[in-house]
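# here is a sequence together with a model predicted from it:
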Amino acid sequence: MAAELRLVERSKEGDLQAFEELVLMYQKQIYNLGYRMMGNEEDACDIAQEAFLRAYKSIGKFNLKSRFGTWIYRIAMNLCIDELRKRKKTKLYPIVHNDNPEDKQYKLVSDAGDLPEELVEKKETRLKVQQAINRLPEDHRTMIVLRDIQGRSYQEIADIMGLNLGTVKSRISRARYNLKEEIEKQTGTERRELRLKC
C-alpha cells in the first residue's frame, strides 16, 4: 500500500516510469475484468488500454485518500458498462471459453482423474455459465464478475461502484438469482443448483 502510494505521488508529479509500474501492478486484473465483462480478448485489451489511458490523463485529480486499484477498477468497469450499453441494441452475446494458461486467475484446472467425457462436460458447463453471464443486464453482470469471478469483497465492490454496502448485497443476490434463471432457461432443466462463492 505504501509503495503504491509513492508510485501514485510520483505519477502525479509527471513520472511516467512510476505510472508504468502502476500499470504493471494492475494490468492483468483489469484485463481479466474486461474479458469477463465483454466476453473476448480484443475488447478486454481495448478496455484495459483505455482505462489506463484515462487514468494517466486524470492522475493529477486522483484523491490520495482512496486506493489506486479501486479507482482503476471503477474506470474500467464504467468503460465496460458504457460499451455494453452501446451494443445493447445489437443483442450480441459472444460465446466465450478461457483456456489461456497465462491467465492463472481464471485457468480452469481439472482433477488428474477426470475422464475425457468428464472434461468435455465441464467445458460445456463453463461455456453455458459464461453465456448466461453474457445475457445478464450490465448491472447484474458487473456484480457477478466482481464478486463471484474476481472474488472482490462487498466493501471493495461498494467502493468500486460508488454504492452503499446494502445496495451491493441486494444487487448481488438478485444477480445470482437471475444468473440461475438464465442457466435454467438455457439448459432447459427445472431446478438446478448453481454453486457460486459466497
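It's in.

# nearest residue to the middle of the chain?
Nearest to the geometric centre of the chain sits L33, at 2.8 Å (C-alpha atoms, centre = their mean).

# so where does it fall, helix or strand?
Per DSSP states H and E, L33 falls inside helix 16-38.

# picking that back up, what's near enough to touch the nearest residue to the residue nearest to the centre of the chain once chain neighbours are set aside?
Nearest non-adjacent residue to L33, counting by C-beta to C-beta, 6 or more residues apart in numbering: A76, 5.4 Å away. (Each C-beta comes from the backbone N, C-alpha and C, glycine too.) By C-beta atoms under 8 Å, 6 or more residues apart in numbering, A76 lies in contact with 30, 33-34, 47-48, 51.

# for A76, which three-state class applies?
Following DSSP: H, G, I helix; E, B strand; the rest coil, A76 is assigned to helix.

# tell me what the helix holding L33 is packed against?
Counting contacts by 3 or more C-beta pairs under 8 Å, 6 or more residues apart in numbering; DSSP states H and E, helix 16-38 packs against helix 2-12, helix 41-58, helix 68-87, helix 138-143.

# please identify the deepest-packed of these.
Across the helices and strands packed on helix 16-38, averaging neighbours per residue (mean count of other C-beta atoms under 10 Å) puts helix 138-143 on top, at a mean of 21.

# what's the first helix or strand after that helix?
Using DSSP H and E, the next helix or strand after helix 138-143 towards the C-terminus is helix 154-161.

# in the helix or strand hosting V168, which residues are buried?
For V168, the element it lies in under DSSP H and E is helix 165-187. Within helix 165-187, the residues scored as buried using 16 or more other C-beta atoms under 10 Å are 168-169, 171-172, 175-176, 178-180, 182-183.

# list of residues touching that helix?
Residues outside helix 165-187 that contact it (C-beta under 8 Å, 6+ apart) are 128-129, 131-133, 135-137, 139-141, 143-144, 147-148, 154-155, 157-158, 161, 163, 190-192, 194, 196.

# write a PyMOL command that selects only the buried members of these.
The PyMOL command for the buried members of the contacts of helix 165-187 (criterion: 16+ other C-beta under 10 Å) is given here:
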select buried, resi 129+131+132+133+135+136+140+141+143+144+147+148+157+158+161+163
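
# can you dump the C-alpha coordinates of the least confident helix or strand in the chain by mean pLDDT into PDB?
When the helices and strands of the chain are compared on mean pLDDT, DSSP states H and E, helix 116-135 comes out lowest with a mean of 75. This file holds the C-alpha atoms of helix 116-135, laid out as PDB (Å, rounded to 0.1, in the frame of the first residue of the first chain):
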ATOM      1  CA  PRO A 116     -12.200 -37.300 -21.400                       C
ATOM      2  CA  GLU A 117     -16.000 -37.200 -21.300                       C
ATOM      3  CA  GLU A 118     -15.900 -35.500 -17.900                       C
ATOM      4  CA  LEU A 119     -13.600 -32.900 -19.200                       C
ATOM      5  CA  VAL A 120     -15.900 -32.200 -22.200                       C
ATOM      6  CA  GLU A 121     -18.900 -31.900 -19.800                       C
ATOM      7  CA  LYS A 122     -17.000 -29.400 -17.500                       C
ATOM      8  CA  LYS A 123     -16.000 -27.300 -20.500                       C
ATOM      9  CA  GLU A 124     -19.600 -27.300 -21.700                       C
ATOM     10  CA  THR A 125     -20.800 -26.200 -18.300                       C
ATOM     11  CA  ARG A 126     -18.300 -23.400 -18.200                       C
ATOM     12  CA  LEU A 127     -19.500 -22.300 -21.600                       C
ATOM     13  CA  LYS A 128     -23.100 -22.300 -20.500                       C
ATOM     14  CA  VAL A 129     -22.400 -20.300 -17.400                       C
ATOM     15  CA  GLN A 130     -20.400 -17.700 -19.400                       C
ATOM     16  CA  GLN A 131     -23.200 -17.500 -22.000                       C
ATOM     17  CA  ALA A 132     -25.700 -16.900 -19.200                       C
ATOM     18  CA  ILE A 133     -23.500 -14.200 -17.600                       C
ATOM     19  CA  ASN A 134     -23.300 -12.500 -21.000                       C
ATOM     20  CA  ARG A 135     -27.100 -12.300 -21.200                       C
END
